[in-house]
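Asker: below is the structure, and that's it, no one-letter string:
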């Protein structure tokens with residue numbers, strides 16, 4: 001018998017199984033290593049002009065002209081990308097003045113055909129959408145599908161990440177985007193806080209909603225916090241900012257002044273809803289009927305002159321019913337918790353009266369030693385590469401004091417102010433020509449006059465009616481107190497408070513559009529390095545200049561605060577707002593961006 005074998009038979013079948021398993025394990029290990037390498041992140045990088053610190057993917061090259069963009073190309077030469085980018089990731093950070101829902105921000109200007117999906121950046125809940133973005137390379141236009149993520153803090157800090165993969169996004173692309181998003185850091189104090197820390201900083205006790213997120217006030221010395229409900233269907237944000245009631249001021253007065261200065265609505269006391277809580281605290285509230293208004297409701301709750309709080313509510317129209325209910329509940333239930341940060345109002349008023357007397361005693365000539373001067377400033381938003389507003393002022397000495405003119409321009413809007421102040425800083429006259437609202441704007445003229453030896457200010461407000469075109473004139477007499485600083489010498493008082501390091505002081509100032517006067521809290525801050533001016537190039541404006549004295553200024557009707565840096569001549573070098581910086585500029589820069597101001601000064 002013979003056996004015919006057509007093939008070989010393995011002598012050791014177990015060895016083949018082991019070899020196959022080892023080869024498979026090696027393949028999986030290499031794949032894992034490649035995946036890990038593709039998800040590896042580079043060293044932290046601070047994005048110029050923002051508060052973002054990011055970790056781009058390892059091996060990606062920063063764009064030479066766009067600091068927030070990183071590219072993966074086929075190669076690089078001397079650190080510069082070479083060839084068509086295979087993948088691109090961009091980081092954008094900034095600050096809105098109030099909380100906006102990330103979904104609303106992403107779809108406001110460019111609606112997405114797809115519903116936003118939940119996502120997270122820098123530990124903040126956000127959303128993710130996909131869009132087609134057109135690019136150009138060597139004369140060819142091509143479309144990239146871009147994944148966009150955005151998240152916002154309760155006070156308005158936002159971060160956005162745009163990722164363009166090579167082809168249709170793969171699972172590896174999504175993993176990389178998640179890793180990069182988790183590594184983003186908003187390097188500014190208080191972008192997120194626990195509920196207990198936030199309310200302690202505000203000196204408030206309140207039963208909180210589990211859905212609320214919290215953030216600190218913009219400046220450490222401001223007593224307050226921000227909260228937001230990040231529900232994308234019904235998002236809203238509430239600012240909780242402690243304030244005070246100077247003698248003669250009521251919660252309704254603060255709400256009326258806020259409506260005039262923020263909403264540009266001249267409302268009567270009858271239009272303010274006022275009530276008293278069961279514990280005796282007074283509540284005043286008003287709203288503006290405007291879908292475009294970010295902050296559409298304001299309330300003031302006061303249990304005592306030194307225990308008061310302003311509440312500002314921001315929400316898109318679809319979420320306003322739920323937002324109103326939340327604000328009403330908050331105003332009804334919040335309690336004041338005494339802390340070491342509480343304002344000693346009596347001492348601040350006494351310090352304010354001393355400051356006002358010192359300014360009057362020194363006189364205008366002792367403060368403005370230069371007989372003729374001018375100053376120009378530009379305001380930059382972190383949302384725009386170009387300045388968003390321009391300011392110019394000029395003054396000259398005359399026989400009995402100083403004459404001056406100021407101009408302001410923003411969004412094609414012009415406001416002009418002419419004034420005269422006597423040498424004793426008591427007698428003055430001022431005329432403001434501006435507009436209220438928009439679409440269409442209403443021309444308004446405000447004339448203030450205080451004669452020598454008089455204790456009263458005579459104010460005449462002329463408002464052009466919208467319907468019949470006939471002007472409406474209102475006259476009133478205003479009697480300020482002993483803390484009053486007459487215009488235009490308010491900057492003198494602020495500069496002196498910054499330089500002398502005075503304890504917190506409350507001064508009384510004339511309102512621009514409000515019916516009478518308001519009060520301001522001036523608090524000296526430690527000097528800090530501040531450049532002399534900012535140029536059109538953000539890189540040329542980084543901190544590191546002279547150490548200048550600073551002062552925190554808070555308005556009683558809007559106590560969010562602004563920080564002023566004062567130079568050696570007592571003039572404003574820089575002013576910081578939430579999401580907005582005002583810097584000194586030269587005349588050429590101002591006229592280049594705001595030619596209409598030049599025309600006003602030419603008159």
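Answerer: Thanks, I have it. In this text the structure is predicted, and so the values were computed from the model without any measurement.

Asker: please name the nearest non-neighbouring residue to residue 245.
Answerer: residue 305 (4.4 Å; CB to CB, 6 or more residues apart in numbering). The C-beta positions use only the backbone N, C-alpha and C, and glycine is treated the same way.

Asker: next: residue 261.
Answerer: Nearest one to residue 261, counting by CB to CB, 6+ apart, is residue 513 at 5.8 Å.

Asker: count of residues packed around residue 289?
Answerer: Using other CB atoms under 10 Å, residue 289 is surrounded by 8 other residues.

Asker: how near is it to residue 271?
Answerer: Distance, residue 289 to residue 271, using CB to CB, to the nearest Å: 11 Å.

Asker: before we move on, what about residue 373?
Answerer: Using CB to CB, residue 373 is found at 42 Å from residue 271.

Asker: same deal with residue 364?
Answerer: Using CB to CB, residue 364 is found at 39 Å from residue 271.

Asker: and the two? Which one has more around it.
Answerer: The neighbour comparison of residue 364 against residue 271 (other CB under 10 Å) goes to residue 364, with 22 against 14.

Asker: residues contacting that one?
Answerer: Taking CB atoms under 8 Å, 6 or more residues apart in numbering, we find residue 364 in contact with 401-402, 421-425, 489.

Asker: and those, which of them are in strands?
Answerer: 401-402, 421-422 (DSSP state E).

Asker: on that earlier part again, which pLDDT does the model give the residue nearest to residue 261?
Answerer: pLDDT recorded at residue 513 is 92.

Asker: redo the ones in strands among the contacts of residue 364 as JSON lines? Include distance to residue 454 and neighbour count.
Answerer: Formatted as JSON lines, the ones in strands among the contacts of residue 364 follow (distance: CB to CB, whole Å; neighbours: other CB atoms under 10 Å):
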{"residue": "401", "distance to residue 454": "16", "neighbour count": "21"}
{"residue": "402", "distance to residue 454": "19", "neighbour count": "24"}
{"residue": "421", "distance to residue 454": "14", "neighbour count": "24"}
{"residue": "422", "distance to residue 454": "12", "neighbour count": "18"}
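
Asker: taking these, tell me the two that lie furthest apart.
Answerer: 402 and 422 (8.7 Å; CB to CB).

Asker: so in that sheet, which strands flank whatever helix or strand residue 582 lives in, and in what orientation?
Answerer: Assigned by DSSP states H and E, residue 582 belongs to strand 580-585. Strand 580-585 has the following strand partners under DSSP bridges: strand 372-381 (antiparallel), strand 572-577 (antiparallel).

Asker: quick one: mean pLDDT over the longest one.
Answerer: Strand 372-381 shows a mean pLDDT of 89 in the predicted model.

Asker: buried sites along the helix or strand residue 352 falls within?
Answerer: Residue 352 belongs to helix 345-367 when assigned by DSSP H and E. Neighbour counts over helix 345-367 (16 or more other CB atoms under 10 Å) mark 345, 348-353, 355-356, 359-360, 364, 367 as buried.

Asker: same deal with stretch 402-409?
Answerer: 402, 404-409.

Asker: any idea which helix or strand comes after the one helix or strand in the chain whose mean pLDDT sits lowest?
Answerer: Least confident element among the helices and strands of the chain, by mean pLDDT, DSSP states H and E: strand 80-82 (a mean of 53). Toward the C-terminus, strand 80-82 is succeeded by strand 87-95 as the next helix or strand (DSSP H and E).

Asker: and that next one, what does it pack against?
Answerer: Contact here means 3 or more CB pairs under 8 Å, 6 or more residues apart in numbering; DSSP states H and E; on that basis strand 87-95 packs against strand 52-54, strand 69-72, strand 157-164, helix 171-183.

Asker: ok, it: who's next to it in the sheet?
Answerer: Paired neighbours of strand 87-95 in the sheet (DSSP bridges): strand 69-72 (antiparallel), strand 157-164 (antiparallel).

Asker: a markdown table for these, including mean neighbour count, mean pLDDT and distance to residue 457?
Answerer: Compiled in a markdown table, these are given as follows (neighbours: other CB atoms under 10 Å; pLDDT from 0 to 100; distance: least, CB to CB, whole Å):
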| stretch | mean neighbour count | mean pLDDT | distance to residue 457 |
| --- | --- | --- | --- |
| strand 69-72 | 22 | 93 | 54 |
| strand 157-164 | 24 | 94 | 41 |
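
Asker: relative to residue 205, which of those is closest?
Answerer: Closest of these to residue 205 is strand 157-164, at 25.8 Å (criterion: CB to CB).

Asker: name the residues that touch that closest one?
Answerer: Applying CB under 8 Å, 6+ apart, the contact partners of strand 157-164 are 51-52, 85, 87-96, 100, 102, 105, 121-122, 124, 133, 135, 144-152, 173, 176-177, 180-181, 184, 186, 188, 191, 215.

Asker: run the chain-centre distance for the helix or strand harbouring residue 237.
Answerer: Here residue 237, judged by DSSP H and E, is contained in strand 236-243. Here strand 236-243 is found 14 Å from its chain centre; the criterion is CA atoms, centre = their mean, to the nearest Å.

Asker: and stretch 63-70, by the same measure?
Answerer: Taking mean C-alpha positions (CA atoms, centre = their mean), stretch 63-70 and its chain are 24 Å apart.

Asker: same question, stretch 447-466
Answerer: Between the centre of stretch 447-466 and the centre of its chain there are 33 Å (CA atoms, centre = their mean).

Asker: list the contacts of residue 122.
Answerer: 151, 159, 181-182, 184-186.

Asker: residue 192 reaches residue 121, doesn't it?
Answerer: No - assessed by CB atoms under 8 Å, residue 192 is found out of contact with residue 121, at 12.0 Å.

Asker: between those two, which has more neighbouring residues?
Answerer: Counted by other CB under 10 Å, residue 192 and residue 121 do not tie: residue 121 has more neighbours, with 28 against 18.

Asker: any idea how far that one lies from residue 177?
Answerer: 10 Å.

Asker: quickly list what's touching both of these two.
Answerer: With CB under 8 Å, 6+ apart as the test, residue 121 and residue 177 both reach 149, 161.

Asker: where does this protein have low pLDDT?
Answerer: Applying pLDDT under 70 to the chain flags the ranges 1-39, 74-85, 109-114, 135, 137-138, 439, 465-470, 531-545, 598-603.

Asker: where along it do the helices fall?
Answerer: 13-38, 102-109, 171-183, 195-202, 251-258, 320-333, 345-367, 490-500, 587-593, 595-602 (DSSP state H).

Asker: out of those helices, deepest packed?
Answerer: With neighbours defined as mean count of other CB atoms under 10 Å, the helices of the chain peak in mean count at helix 251-258, which reaches a mean of 25.

Asker: what sits up against that helix?
Answerer: Applying CB under 8 Å, 6+ apart, the external contacts of helix 251-258 come out as 243, 245, 267, 269, 272, 274, 282-286, 298-302, 308, 310, 511, 514-515, 518, 555-558.
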